[in-house]
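A.B. asks: curious how this folds, go ahead:
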Amino acid sequence: MFERISGMPTGTFGFEAVGKVDDDDVEDTVGPVLRNHIAQGGKVRVLYLLGPRMRKYEADAFGEEVRSVARHPSAYEKVAVVTDEEWLRPALRLLSVLAPGQIRGFPVSALEAAKSWLAEGFEERGRPLTTPSGSPHG
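C.D. replies: From the prediction side, this is the model:
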């Protein structure tokens, strides 16, 4: 499953993989948050933490992520994938082809650097992003 990460920088969203992650987890947890944000005209800056609490990340979960990006490619401004899983490197390259925004991988030890990178340039735009609750934090 995915859990929301609290304390994300303004204008960003964060999700941590916990246990087993499949396409339903992406559709039920991540999907509604990002779709609502996109529907409000927001640009997506999202962090995925696939760290030590993740037991298994099924291929269909990645497929659901790819479909989401393919449906709204211009809405994805920055995606940070924080993981020590080497098998994800080729998957990140595939995603970067689909989305014109920036997609970057970080090791788990660089979680705070990933959050900072995600937030870079946000304040200069001068238009705060909001969550479904209306709060300007992810």
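A.B. asks: phi, psi for the most centrally placed residue in the chain please.
C.D. replies: Taking C-alpha atoms, centre = their mean, the centroid of the chain lies closest to Val46, which sits 3.1 Å from it. With angles defined as degrees, to the nearest 10, Val46 sits at phi -130, psi 140.
A.B. asks: from Met8, how far out is it?
C.D. replies: Noted for Val46: a distance of 9 Å to Met8, by C-beta to C-beta, to the nearest Å. For every residue, glycine as well, the C-beta is placed using N, CA and C.
A.B. asks: could you do Leu88 as well?
C.D. replies: 21 Å.
A.B. asks: so which of the two has more stuff around it?
C.D. replies: The residue with more neighbours, out of Leu88 and Met8, is Met8; 20 against 17, by other C-beta atoms under 10 Å.
A.B. asks: ok, back up a step: and the residue nearest to the centre of the chain, bridged to which residues?
C.D. replies: On DSSP bridges, the residues paired with Val46 through beta bridges are Phe13, Val79.
A.B. asks: residue contacts, it?
C.D. replies: Thr12, Phe13, Gly14, Phe15, Val30, Leu34, Tyr76, Lys78, Val79, Ala80, Leu118, Gly138 (C-beta atoms under 8 Å, 6 or more residues apart in numbering).
A.B. asks: could I get those residues in CSV, plus columns for distance to Gly51?
C.D. replies: Shown next, in CSV, are the contacts of Val46 (distance: C-beta to C-beta, whole Å):
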residue, distance to Gly51
Thr12, 17
Phe13, 17
Gly14, 12
Phe15, 11
Val30, 16
Leu34, 20
Tyr76, 22
Lys78, 19
Val79, 16
Ala80, 13
Leu118, 16
Gly138, 18
